[in-house]
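Asker: what's the 3D shape of this:
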Amino acid sequence: MTSPSAAGERDPGLQPERTRLAWRRTTLAGTVVAVLAGKAGVAGGASAGVLVAEVVCGVGWAGVLLVAHRRIRGLAGGSRERGPERLAARWAVGVVVCVLLTVGGGVGVVLR
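Answerer: Numbers count the residues shown, from 1 in each chain. Sure thing, here's the model as predicted:
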């Protein structure tokens with residue numbers, strides 16, 4: 001007997017649902033960072049450096065949101081036999097850059 005993975009078949013299972021939930025948690029965490037960075041900038045007096053850090057944080061957050069939305073749609077669009085559509089390498093690199101921008105912007109606001 002061969003296992004389903006050895007034969008190249010895909011076990012539909014709950015993996016796409018877990019991945020979808022992970023993307024939602026990632027966007028929620030990015031939203032919290034962006035909102036807290038904005039609040040810290042407004043509460044502490046908005047200097048030029050703080051405003052730049054807030055903009056960088058917001059752009060990173062928007063990028064993560066875009067990639068997450070695309071990935072969630074890709075997970076829903078797959079067939080049962082083939083499984084969900086794979087995330088292209090350029091989108092994966094893009095989300096890493098956007099997460100780093102979000103974190104960098106948030107750190108920039110906090111350390112101002």
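Asker: Only C-alpha atoms from now on, for both contacts and neighbour counts.
Answerer: Noted.
Asker: Can you list the low-confidence ranges for the chain?
Answerer: The chain contains residues with pLDDT under 70 at 1-13, 44, 78-83.
Asker: how about the helices in it?
Answerer: Assigned by DSSP state H, the helices in the chain fall at 15-43, 48-76, 89-111.
Asker: now Arg71: how far from Val107?
Answerer: 27 Å (CA to CA, to the nearest Å).
Asker: Please identify the most buried of the helices of the chain.
Answerer: helix 48-76 (a mean of 20; mean count of other CA atoms under 10 Å).
Asker: and that one, what other elements does it pack with?
Answerer: Judged by 3 or more CA pairs under 8 Å, 6 or more residues apart in numbering; DSSP states H and E, helix 48-76 is in contact with helix 15-43, helix 89-111.
Asker: Check what contacts the last one and list those residues.
Answerer: Residues external to helix 89-111 that are found in contact with it (CA atoms under 8 Å, 6 or more residues apart in numbering): 30, 33-34, 36-37, 40-41, 50, 52-61, 63-64, 67.
Asker: Using JSON lines, please lay out the helices and strands packed on helix 48-76 together with distance to Gly77.
Answerer: Below are those laid out as JSON lines (distance: least, CA to CA, whole Å):
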{"stretch": "helix 15-43", "distance to Gly77": "11"}
{"stretch": "helix 89-111", "distance to Gly77": "17"}
